[in-house]
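Colleague: Kindly return the folded structure for what I paste below:
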Amino acid sequence: MRFLILTFFLWSAASLLAEPGQSTHIVVVHPPMFRSALEPWIQYRSAQGYTIHLLETRPETGEKEILQAIREQATENPLRAVLLVGDAYSPNPKMETLPSPRVPARVIGEFGEEQEIASDSLYGDWDGDGLPEITVGRFSVQSVNELDAIIRKTIRYENQNPGAWLRRINLVGGVGGFSPILDSSIESAARYILSRMIPPEYEITLTQADIQSPYCPAPNHFRNHTIARLNEGPLFWVYMGHGNRRTLDSVLWPGQPNRTFPIFEEGDVQYVSCDKGLPIAIFLACYTGMLDAAGDCLAEELHRRENGPVAVFAASRTAMPYGMSMLGIELIEEVFRPRPAGEPLLLGDVIHTAKRKSIEPPKVQNIGQERPVREMVESLAKVLDPTRDRLEEQRRDHIHLFHLFGDPLLRLPMPLEAKLEAPETARPNTAVTVRCILPDSEKTATGKRRAIVEIALPKSRNTASTPKNRVFSLTEESVREFNTLYAQANRRVISQVLVEVSQQEFSVEIPIPNLSRAETGDYDLRVYYETANSFGLGSRTITVR
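Modeller: Numbering: from 1, shown residues only. Next comes the predicted model:
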């Protein structure tokens with residue numbers, strides 16, 4: 001008996017946005033209850049030039065039948081992505097679900113309870129080699145109302161007006177707790193990656209669960225800051241640390257046995273309401289994407305909120321520092337690498353490329369050449385990782401561990417390039433003239449345009465330091481001291497000018513504060529501009545001495 005009903009919708013709309021030379025065929029797998037609710041998404045994507053193939057399941061349809069039907073489609077049409085619509089598990093026996101296939105764990109099974117990984121990525125594996133050829137995304141919903149909310153915010157994300165949130169990345173770091181040496185190495189590697197790989201024109205905040213770090217707010221307020229950083233609606237919100245199915249780690253309170261403060265606890269999803277942009281949330285943590293659990297995981301809960309993240313990337317089982325680092329490095333590389341103006345960037349393509357590249361052996365540089373970030377992390381892992389002799393297997397586990405809760409066709413907002421001309425050096429307590437040149441596409445732009453020109457401390461330099469042997473107490477004075485230093489540590493801009501722009505080129509004078517000798521050095525001179533439907537970024541180095 002045939003378990004799968006194949007229904008095809010070939011929409012002959014003009015290819016308005018689909019990229020030349022790229023496949024436009026998309027498979028959507030769904031139970032019958034979601035067919036009508038999918039209509040707005042189908043119309044929206046088909047208007048962009050995509051061909052939607054609907055695979056409608058029956059109650060008895062299993063993962064093997066789904067995979068076989070997807071492979072049959074792939075032989076007839078080269079596929080771009082697969083979208084699953086429905087939960088992988090429901091305690092309600094009447095609820096039709098789309099199971100997540102399981103693959104044996106190569107390495108991570110030694111560190112967690114499960115010996116198998118729930119992995120939607122297998123639905124993108126056409127040739128049976130265990131590696132996906134395309135990205136698989138999932139709208140993990142149990143009701144039509146939940147699906148309606150996800151579709152609305154997906155479409156809203158691609159059509160919202162630009163804002164300064166598009167250049168912001170908010171990071172939340174948990175407690176390592178592996179060993180002092182490993183924790184220190186992980187932190188050093190993370191700082192190196194962020195300072196070297198994320199372009200200087202992007203603004204980064206850090207909230208770190210370590211009371212000896214200037215980036216740690218008052219521990220009893222930490223949870224509030226975690227939620228606030230998410231609600232700011234940055235381009236990306238990233239958590240790095242220990243996680244569970246519905247919670248994140250806690251902040252330790254040294255000197256107070258068994259006393260901790262939560263980073264994010266069960267039930268906190270109700271407080272998530274992003275008021276600017278809709279971020280993409282990334283959990284470099286264990287279990288936060290455990291989609292096959294008896295109850296919902298954190299990724300599912302966040303993605304279903306209409307004013308929550310537009311997409312979530314999270315792991316379904318135990319995840320390890322090395323494997324997450326390698327995957328994270330490739331994600332950063334793929335998001336921020338230079339591209340031709342106007343080239344669309346799909347979230348699914350970013351994830352697929354990052355996963356495939358993460359399993360490639362790191363390239364070894366010749367003597368005298370700068371070591372790539374991946375080679376540096378690989379060298380640390382060969383000394384410190386408990387599976388140092390099985391690193392390739394660990395990388396393969398992480399391809400299957402991490403799931404996209406969201407639309408693989410989601411178009412990421414891509415900045416245009418703005419150029420800056422300014423003196424290479426300047427003196428404190430003076431002003432410099434900066435000439436900004438916007439892209440040629442802005443020559444004929446009409447309507448209101450504004451720009452922000454600023455000088456900021458590079459990510460490689462600290463803005464604040466922690467007092468020696470700092471301790472925390474629940475007094476007003478201690479809470480205020482922690483929160484004040486936390487705000488100062490994340491305040492990297494030393495001078496800023498807002499400009500109303502009427503032409504493609506404009507000049508502005510920006511003052512340089514009266515810096516002390518210790519504060520002089522290299523700074524990032526950067527610009528952000530926005531119009532009604534586009535935005536751009538640019539930066540260069542200026543030395544203050």
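Colleague: So this protein: which segments form each domain?
Modeller: Domain assignment for the chain, taken from automatic domain parsing, gives 4-139, 165-335+347-405, 416-457+492-544.
Colleague: between the ones you listed, which one is nearest to residue 480?
Modeller: With distances scored as CB to CB, the stretch of these nearest to residue 480 is domain 165-335+347-405 (7.9 Å). No exception for glycine: its C-beta is placed from N, CA and C like everyone else's.
Colleague: Show the end-to-end separation of that closest one, please.
Modeller: Its first and final residues considered, domain 165-335+347-405 spans 22 Å by CA to CA, to the nearest Å.
Colleague: buried ones in stretch 273-293?
Modeller: The neighbour-count criterion (16 or more other CB atoms under 10 Å) identifies 274, 277-293 as the buried residues of stretch 273-293.
Colleague: quick one, what contacts residue 107?
Modeller: The neighbourhood of residue 107, defined by CB atoms under 8 Å, 6 or more residues apart in numbering, consists of 320, 387, 390, 393-394, 397.
Colleague: What about those, which are in strands?
Modeller: Residues from the contacts of residue 107 lying in strands, with DSSP state E as the criterion: none.
Colleague: In JSON lines: those residues, plus pLDDT and neighbour count.
Modeller: Converted to JSON lines, the contacts of residue 107 look like this (pLDDT from 0 to 100; neighbours: other CB atoms under 10 Å):
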{"residue": "320", "pLDDT": "92", "neighbour count": "24"}
{"residue": "387", "pLDDT": "91", "neighbour count": "18"}
{"residue": "390", "pLDDT": "94", "neighbour count": "15"}
{"residue": "393", "pLDDT": "94", "neighbour count": "15"}
{"residue": "394", "pLDDT": "94", "neighbour count": "23"}
{"residue": "397", "pLDDT": "95", "neighbour count": "27"}
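Colleague: Show me which of the residues you listed is closest to residue 456.
Modeller: Distance ranking of these against residue 456, using CB to CB, places residue 320 first at 33.8 Å.
Colleague: Distance-wise, check that closest one relative to residue 285.
Modeller: Note on residue 320: its distance to residue 285, by CB to CB, to the nearest Å, is 11 Å.
Colleague: so which helix or strand takes in residue 157?
Modeller: Residue 157 is part of helix 144-159 when elements are defined by DSSP states H and E.
Colleague: for that helix, which positions count as buried?
Modeller: Neighbour count says helix 144-159 has 146-151, 153-155, 157-158 buried, by 16+ other CB under 10 Å.
Colleague: Pick the one among those closest to residue 464.
Modeller: residue 157 (34.2 Å).
Colleague: Setting aside sequence neighbours, what's the nearest residue to that closest one?
Modeller: Ranked by CB to CB, 6 or more residues apart in numbering and with sequence neighbours excluded, the top spatial neighbour of residue 157 is residue 310, at 4.5 Å.
Colleague: Number of residues surrounding that neighbour?
Modeller: 23 (other CB atoms under 10 Å).
Colleague: Look up how far residue 155 lies from it.
Modeller: In this structure, residue 310 and residue 155 are 10 Å apart, going by CB to CB.
Colleague: do the same with residue 246
Modeller: With distances defined as CB to CB, the gap from residue 246 to residue 155 amounts to 28 Å.
Colleague: quick one, what contacts residue 456?
Modeller: Shown in contact with residue 456 (CB under 8 Å, 6+ apart): 200, 203, 492-494, 523-524, 526.
Colleague: swap the cut-off to 10 Å and go again
Modeller: When the contact criterion is CB atoms under 10 Å, 6 or more residues apart in numbering, the partners of residue 456 are 200-201, 203, 463, 491-496, 523-526, 539.
Colleague: Can I get the buried part of those residues as one PyMOL selection?
Modeller: To isolate the buried ones among those in PyMOL, judged by 16+ other CB under 10 Å, type:
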select buried, resi 200+201+203+463+492+494+495+523+524+525+526+539
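Colleague: Looking at the domains of the chain, spot the one closest to residue 482.
Modeller: When the domains of the chain are ranked by distance to residue 482, counting by CB to CB, first place goes to domain 165-335+347-405 at 4.0 Å.
Colleague: and the closest one, how far from the chain's centre?
Modeller: Using CA atoms, centre = their mean, to the nearest Å, the distance from the centre of domain 165-335+347-405 to the centre of the chain it belongs to is 9 Å.
Colleague: Also stretch 338-352?
Modeller: Remark: stretch 338-352 is offset 14 Å from the chain centroid, using CA atoms, centre = their mean.
Colleague: could you give the mean pLDDT of that stretch?
Modeller: Summarised as a single mean, pLDDT over stretch 338-352 is 89.
Colleague: Now do it: distance from first to last residue.
Modeller: The first residue of stretch 338-352 is 18 Å away from its last residue (CA to CA).
Colleague: hmm, back to that, next, show the common contact partners of residue 310 and residue 155.
Modeller: Each of residue 407 lies in contact with both residue 310 and residue 155 under the rule CB under 10 Å, 6+ apart.
Colleague: Please report phi then psi for the nearest residue to residue 190 once chain neighbours are set aside.
Modeller: The spatially closest residue to residue 190, leaving aside those adjacent along the chain, is residue 240, at 6.9 Å (CB to CB, 6+ apart). Geometry field for residue 240 lists phi and psi as phi -130, psi 120, criterion degrees, to the nearest 10.
Colleague: Next up, the contacts around residue 240.
Modeller: Contact criterion CB under 10 Å, 6+ apart gives 171-174, 176, 186-187, 190, 206, 208, 282-285, 321, 324-325, 328 as the residues in contact with residue 240.
Colleague: repeat for residue 272
Modeller: By CB under 10 Å, 6+ apart, the contact list for residue 272 reads 227, 230-231, 264, 281, 301-302, 305, 307-309.
Colleague: Ok, residue 524 next?
Modeller: Residues in contact with residue 524 (CB under 10 Å, 6+ apart) are 199-201, 454-459, 492-493, 539-542.
Colleague: got it, and residue 232?
Modeller: Residue 232 neighbours (CB under 10 Å, 6+ apart): 165, 168, 170, 205, 274-277, 279.
Colleague: Now with 7 Å, please.
Modeller: Contacts of residue 232 were listed using CB atoms under 7 Å, 6 or more residues apart in numbering, and they are 165, 170, 276.
Colleague: Regarding the residue lying closest to residue 421 once chain neighbours are set aside, what are the backbone dihedral angles?
Modeller: The spatially closest residue to residue 421, leaving aside those adjacent along the chain, is residue 435, at 4.1 Å (CB to CB, 6+ apart). Geometry field for residue 435 lists phi and psi as phi -100, psi 130, criterion degrees, to the nearest 10.
Colleague: Write down the beta-bridge partners of residue 435, one by one.
Modeller: The bridge-partner assignment for residue 435, based on DSSP bridges, gives residue 421, residue 507.
Colleague: Surely it touches residue 509?
Modeller: No - if you go by CB atoms under 7 Å, residue 435 and residue 509 don't touch, sitting 10.8 Å apart.
Colleague: For stretch 44-52, give the mean pLDDT please.
Modeller: 95.
Colleague: That stretch spans what distance, first to last residue?
Modeller: Stretch 44-52 has an end-to-end distance of 11 Å (CA to CA).
Colleague: again, but for stretch 156-167
Modeller: Counting by CA to CA, you get 18 Å between the two ends of stretch 156-167.
Colleague: Which pair of the contacts of residue 272 spans the longest distance?
Modeller: Across these, no pair lies farther apart than 264 and 307, at 16.9 Å, counting by CB to CB.
Colleague: Sticking with residue 288, tell me its helix or strand.
Modeller: Residue 288 belongs to no helix or strand, assigned by DSSP H and E.
Colleague: For it, give me its contacts.
Modeller: Shown here is residue 288, whose contacts under the criterion CB under 7 Å, 6+ apart are 243, 297-299, 314-315.
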